[in-house]
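Chemist: sequence plus the predicted model coming up.
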Amino acid sequence: MTVDKKDVDELEELRTMLRGAIPPVPEEEPGRDLWPLMLQRLERDQGQWFSHVPWFDWALIGAAGAVLVFFPALIPALLYHL
């Protein structure tokens, strides 16, 4: 398989156009180390996950549980779709 000079020129032109269209990404380090902050947040929030769940999520869980209690025939269908 041979590569034609025209194909090489077109690829080079495309490469040039793409490099001109997308600005270069600066290779800078973050201003500070974020890992210690993440560890502090994990330690602070440990064991309190349920308090961060919005009320409408609890309402959806309750509604889904009620549907499964009142319509147990839906359980196989639900398991099939999982």
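Modeler: Sure, I can see it.
Chemist: the protein: helices as residue ranges?
Modeler: Remark: helices assigned in the chain by DSSP state H are 5-21, 35-45, 55-70, 74-81.
Chemist: any chance of those in JSON lines, plus mean pLDDT?
Modeler: Output for the helices of the chain, formatted as JSON lines (pLDDT from 0 to 100):
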{"stretch": "helix 5-21", "mean pLDDT": "89"}
{"stretch": "helix 35-45", "mean pLDDT": "85"}
{"stretch": "helix 55-70", "mean pLDDT": "92"}
{"stretch": "helix 74-81", "mean pLDDT": "88"}
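Chemist: tell me which of those helices sits nearest to E29.
Modeler: Proximity of the helices of the chain to E29 was assessed by Cβ to Cβ; the nearest stretch is helix 35-45, lying at 13.1 Å. In this view, the C-beta of every residue, glycine as well, is placed from N, C-alpha and C.
Chemist: may I have the closest one as PDB, with CA atoms only?
Modeler: Presented in PDB, the C-alpha positions along helix 35-45 are these (Å, rounded to 0.1, in the frame of the first residue of the first chain):
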ATOM      1  CA  TRP A  35      -5.900  15.500  48.500                       C
ATOM      2  CA  PRO A  36      -5.700  16.600  52.200                       C
ATOM      3  CA  LEU A  37      -8.900  18.600  51.700                       C
ATOM      4  CA  MET A  38     -10.600  15.500  50.300                       C
ATOM      5  CA  LEU A  39      -9.400  13.400  53.200                       C
ATOM      6  CA  GLN A  40     -10.800  16.000  55.700                       C
ATOM      7  CA  ARG A  41     -14.100  16.000  53.900                       C
ATOM      8  CA  LEU A  42     -14.300  12.200  53.900                       C
ATOM      9  CA  GLU A  43     -13.500  12.000  57.600                       C
ATOM     10  CA  ARG A  44     -16.000  14.800  58.400                       C
ATOM     11  CA  ASP A  45     -18.900  13.200  56.400                       C
END
